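*Asks:* structure, please.
(one chain, ligands or ions: 3)
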Amino acid sequence: MKNCLICNSDVKTFIDLGQQPIANGFLLEPQFKNEYFFKMEVGFCPKCKMVQLLEQPDREQMFHENYAFFSSTSNYMKEHFKNFASSIIDLQSLNKSSFVVEIGCNDGIMIQNFKEKNIGHLGVEPSRNVAEVAKSKGINVTSEFFDSKLAENAVSKYGKADAIISANVMCHIPYMHSIFDGIEKLLKDDGVFVFEDPYAGDIVQKASFDQVYDEHTFLFSVLSVSHLAQMHNLEVINAQPQITHGGSMRYTIAHKGKKEISKNVAKQIEIEKNLGLDSIAAYQEFTNKVLVVKNDLIALLEKLKYEGKKVVAYGATSKSTTVTNFFGITPEHVSFIYDTTPTKHNKFSPGAHIPVLPYEEFRKSNPDYVLLFAWNHAKEIMEKEIEYMKDNGIKWIIYVPDVRVVDV
Ligand code: SAH
Ligand code: TMP
Ligand code: ZN
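*Replies:* Ligands and ions are numbered 1, 2, ... in the order given. Reported below is the predicted structural model:
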């Protein structure tokens, strides 16, 4: 039995994803014997509706000077964050004397849009290697973990913020009360805190269980985020669905009573209640769907192996670590994973130890099937590869929301 990280009530487990390694812990052969694993179970809190991991590695094991995820690997995401930044500039009428803080700015993919407009800014990014990339773009970055203490220091050094923004970071942080304390202190009276993360509603509907990995402590919903905000004298004033990362939600939060609340909030909460996100049953049903996907994908990969077909994978995503380790996918099923991120090249995938090769070699690999691990970037990738796949009669294998072979 575990206590909820938000409200301390008992959390009820609804899926056990087995022993899992660090999702971004790409490694070399000599490191296999010391590889770290933890038991990855996910639970639901009936009181505050928060979905959460029951156990998690220490943050320093995940976010450090060799962090493997560089945000700017996706052109689509660059465009998405440019639009995110513009919407904040409009919403808060930002100018040169304004101050914006981004939590988890990574290589600067979003905050660079404020820097380019000479808007006062601070990026907070604990993983030093990616923070260095942001610094090299002229962005003001501090390489630390955001928390209540950091927020206090930022207030004394820079003053309070007109906007605090964050994408795909909040759901990574177990010490949420320290974060929200910090937000409460750092945000101006009329400031907004806008963040987005993969959305529990999409995850349940698409059975996209691979959004769960060591770094993702929480799967948020408007219901659970509203509960959390209220505990800190804040409130959700807008909730806007996004198509990124297989379905995300953007939450806008303000000091209680300071801003008008959009009708979207009540509307989304209604949708969530209809989906059943206020009780554990919807999550148990999700688990049943995931087990069907597991059986179907393994059966397909076993069949292809028996037929002597060559299967490779596309995108050494963090999500693929959950898939390979929970399903038991080995190099016998999938010979290589191709990826554009240099730090992952010529290493092995965490746990499953499938070799990762540079993207450039994909076009020479001549497979029969390609398992799309980066399914959240499906549109961008399928468009890019359409000719190569067509000319060579190669098929995609997709497993979200169900297992399918796709002819191009
Ligand atoms: N915002 C980027 C990066 C997401 S990856 C994007 O959407 O692409 C998550 C990032 O959060 C990592 O770069 C990690 O170092 C950072 N992070 C983790 N804990 C943090 C904390 N407490 N404060 C600030 N950043 C944090
Ligand atoms: P993400 O799912 O966490 O965003 O990670 C995407 C991974 O997929 C990252 O390692 C880069 C890789 N990738 C490619 O190899 N090719 C592509 O076209 C895209 C968009 C991503
Ligand atoms: Zn709770």
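
*Asks:* and E41, bridged to which residues?
*Replies:* On the basis of DSSP bridges, E41 is bridged to D16.

*Asks:* that one against Q56, yeah?
*Replies:* No - taking contacts as C-beta atoms under 8 Å, E41 lies outside contact range of Q56: 10.6 Å. The way it works is simple: take the backbone N, C-alpha and C, and place the C-beta from them, glycine included.

*Asks:* leaving out sequence neighbours, find the closest residue to D296.
*Replies:* With sequence-adjacent residues excluded and distances taken as C-beta to C-beta, 6 or more residues apart in numbering, D296 is closest to V403, at 3.9 Å.

*Asks:* per-residue pLDDT, that neighbour?
*Replies:* Looking at V403, its pLDDT stands at 98.

*Asks:* dihedrals phi and psi, the residue nearest to A316 when sequence neighbours are not counted?
*Replies:* In space, A316 comes closest to D339 once its chain neighbours are excluded; the distance is 4.0 Å by C-beta to C-beta, 6+ apart. Main-chain torsions, D339, degrees, to the nearest 10: phi -150, psi 150.

*Asks:* for the residue nearest to D296, give its distance to ligand 1.
*Replies:* 28 Å (C-beta to the nearest ligand atom, to the nearest Å).

*Asks:* contacting residues for that residue?
*Replies:* Contact partners of V403, counting by C-beta atoms under 8 Å, 6 or more residues apart in numbering, are 293, 296-297, 300, 397.

*Asks:* swap the cut-off to 7 Å and go again
*Replies:* V403 makes contacts with 293, 296-297, 300, as judged by C-beta atoms under 7 Å, 6 or more residues apart in numbering.

*Asks:* distance check, it against T330.
*Replies:* 18 Å (C-beta to C-beta, to the nearest Å).

*Asks:* Y175 is in contact with D147, isn't it?
*Replies:* Yes - using C-beta atoms under 7 Å, Y175 is in contact with D147, at 6.5 Å.

*Asks:* can you count the residues close to V400?
*Replies:* Neighbours of V400 under the rule other C-beta atoms under 10 Å: 21.

*Asks:* before we move on, what about the one 5 residues further on?
*Replies:* With neighbours defined by other C-beta under 10 Å, the count for V405 comes to 11.

*Asks:* just the element for it, please.
*Replies:* strand 404-406 (DSSP states H and E).

*Asks:* I'd assumed P21 was in contact with K39.
*Replies:* No - contact between K39 and P21 fails when scored by C-beta under 7 Å: they sit 11.7 Å apart.

*Asks:* so for those two, which residue has more residues nearby?
*Replies:* A count of neighbours by other C-beta under 10 Å puts P21 above the other of K39 and P21, at 23 against 12.

*Asks:* in this structure the more buried one contacts P350, no?
*Replies:* Yes - because the distance of 4.0 Å satisfies C-beta under 7 Å, P21 is recorded as touching P350.

*Asks:* identify the contacts common to those two.
*Replies:* Joint contacts of P21 and P350 (C-beta under 7 Å, 6+ apart) are T321.

*Asks:* now for the helix or strand where F14 lies, which elements pack on it?
*Replies:* Under the criterion of DSSP H and E, F14 resides in strand 10-20. With contacts taken as 3 or more C-beta pairs under 7 Å, 6 or more residues apart in numbering; DSSP states H and E, strand 10-20 sits against strand 2-3, strand 38-44, helix 281-306, helix 318-327.

*Asks:* tell me which of those sits most buried.
*Replies:* helix 318-327 (a mean of 24; mean count of other C-beta atoms under 10 Å).

*Asks:* with only the CA atoms kept, save that one in CSV.
*Replies:* Only the C-alpha atoms of helix 318-327 are listed here, as CSV (Å, rounded to 0.1, in the frame of the first residue of the first chain):
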residue,chain,number,x,y,z
SER,A,318,11.8,6.6,-23.7
LYS,A,319,8.4,5.0,-24.3
SER,A,320,10.0,2.1,-26.1
THR,A,321,11.8,1.1,-23.0
THR,A,322,8.4,0.4,-21.3
VAL,A,323,7.2,-1.5,-24.4
THR,A,324,10.2,-3.7,-24.9
ASN,A,325,10.6,-4.6,-21.2
PHE,A,326,7.0,-5.2,-20.4
PHE,A,327,6.3,-7.2,-23.6
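
*Asks:* if I pick N233, what's in contact with it?
*Replies:* Contacts of N233 by C-beta under 7 Å, 6+ apart are 184, 255-256.

*Asks:* how about the nearest residue to the closest residue to ligand 3 within the stretch 201-350 of the chain, chain neighbours excluded?
*Replies:* Nearest residue of the stretch 201-350 of the chain to ligand 3 (C-beta to the ion) works out as H227 at 7.4 Å. Once flanking residues are discounted, H227 sits nearest to C48: 4.3 Å by C-beta to C-beta, 6+ apart.
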